[in-house]
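Participant: Need the 3D shape of this:
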Amino acid sequence: MKIYEYQAKEIFKKNGIPVPINQLTENGLDAERATENINKSVVLKSQVLVGGRGKLGGIKFADNPYDAHKRTDELLKLKIKGEQVDKILVEEKLDIESEFYLSVIMDRSVRKPLIIASTEGGVDIEEIARETPEKLVKYYVNSLEEFLPYQARDIAIEIGVPKHLISKTGIIIWNLFNLFQKYDATIAEINPLALTPQGLIAADAKLDIDDDALYRQSELMNKGSVKKDEFAYVELDGDIAVIGNGAGLTLSGMDMLKLYRGEAATFLDIGGGASKENIARALDIVISNPKVKVVFLNVLGGITRADDVANGVISVLKRAERKVPLVIRLTGTNEEEGQRILNESGISFETSMEAAASKAVELSSKL
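Facilitator: Reported below is the predicted structural model:
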């Protein structure tokens, strides 16, 4: 379950983690008033449940109320990875001296919570792990024992924070871990934890809740704060987006790409009963990923109907601003109707996964 940044920051603040002064808005006039109230330069942050919004124009800055009004109107016209922006968090612009990274995740391979910390904040954690792994500290917490403040301070010392910040950083690490447990989270992340003249502040906040524990989170449920993940979606290092209806079929498509020396840019499972709207949303998400050169849509119609897939594809291609080659493998329920719809729209398709994967790799190699 994902919750929005503004909701995560409410929870962080409630649990002893400092956050910037902010106000949620839904139109330019409210953003103008919020900027007047904050009385300094602001950051305007699109509230969406997908990553990478900054790179896609979903964050803007404003020095005065008029600019905030104008920029908010611009943001509210955006779709970010297929998600329409309808809320903006107006937040004080921090005077950042340095940045740290903190997160708590559940490492299911060892069945323990894992605290990850680094003095390199504000960038993708994958980039840190790849380029400067020595700056990344990992600390497993024994679930059968209490996590104590001194252990949090040890983590702060290990990542090399200045001496005068060890205690304060330790408190934030301790609070973040306790929050992670209290809210049955799968991830609690601060990136970056900003050092400012006013002290340490969580400039960004991410909190995802375990689906199976939602019944215990009445506070979040009563606020309507949570939203089930629509798709299983993972971004990878390749350039061919893979969409399938079912995790096994999606993985099979990725394996087939590998066989033909291609590399997947995404894993996106639309599930077994995807509608026309879900197909369109999935395509919007992967097309908006700038790394994607080709989309490989691998559908074996069972509950999912081939004609719904075809109609979803056409609706996206008609309005997509970014043109990305699409390779479709389409068979199963209503396949004749789905294939007819694609034919009439001039969209080619394959009935063999092998042929479709080979074609996707061939196209990507030419781009």
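
Participant: Which secondary structure state does the nearest residue to Gly244 once chain neighbours are set aside sit in?
Facilitator: Nearest residue to Gly244, sequence neighbours excluded (CB to CB, 6 or more residues apart in numbering): Thr250, at 3.2 Å. C-betas here are computed from N, CA, C, even on glycine. Counting by DSSP: H, G, I helix; E, B strand; the rest coil, the backbone at Thr250 sits in helix.

Participant: Tell me who's in contact with Thr250.
Facilitator: Counting by CB atoms under 8 Å, 6 or more residues apart in numbering, Thr250 touches 242-244, 267-269, 298.

Participant: any low-confidence regions in the stretch 51-200 of the chain?
Facilitator: 123 (pLDDT under 70).

Participant: Can you list the residue ranges for helices in it?
Facilitator: Taking DSSP state H, counting those that start in this stretch to define them, one finds helices in the stretch 51-200 of the chain at 65-75, 125-131, 149-159, 166-182.

Participant: what does the shortest one contact?
Facilitator: Put plainly, it is helix 125-131. Contacts of helix 125-131 (CB under 8 Å, 6+ apart): 101, 103, 116, 118, 120, 135-136, 191.

Participant: Show the buried residues in those.
Facilitator: Among the contacts of helix 125-131, those classed as buried by neighbour count (16 or more other CB atoms under 10 Å) are 101, 103, 116, 118, 120, 136, 191.

Participant: was I right about Ala232 contacting Leu268?
Facilitator: Yes - under the criterion of CB atoms under 8 Å, Ala232 makes contact with Leu268 at 7.3 Å.

Participant: quick one, which of the two is more surrounded?
Facilitator: Leu268 (23 against 13; other CB atoms under 10 Å).

Participant: From Glu134, how far out is the more buried one?
Facilitator: Separation of Leu268 from Glu134 (CB to CB, to the nearest Å): 33 Å.

Participant: and if you look at Ile270?
Facilitator: According to CB to CB, Ile270 and Glu134 sit 39 Å apart.

Participant: wait, which of the helices of the stretch 51-200 of the chain is closest to Asn27?
Facilitator: helix 65-75 (7.1 Å; CB to CB).

Participant: Please save the CA atoms from that closest one in PDB.
Facilitator: Output in PDB follows, covering the C-alpha atoms of helix 65-75 (Å, rounded to 0.1, in the frame of the first residue of the first chain):
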ATOM      1  CA  PRO A  65       3.100  33.900  -4.300                       C
ATOM      2  CA  TYR A  66       2.500  34.900  -7.900                       C
ATOM      3  CA  ASP A  67       5.100  32.400  -9.200                       C
ATOM      4  CA  ALA A  68       3.600  29.700  -6.900                       C
ATOM      5  CA  HIS A  69       0.200  30.200  -8.400                       C
ATOM      6  CA  LYS A  70       1.500  30.000 -12.000                       C
ATOM      7  CA  ARG A  71       3.700  27.000 -11.400                       C
ATOM      8  CA  THR A  72       1.000  25.100  -9.600                       C
ATOM      9  CA  ASP A  73      -1.400  25.600 -12.500                       C
ATOM     10  CA  GLU A  74       1.300  24.100 -14.800                       C
ATOM     11  CA  LEU A  75       1.800  21.100 -12.500                       C
END
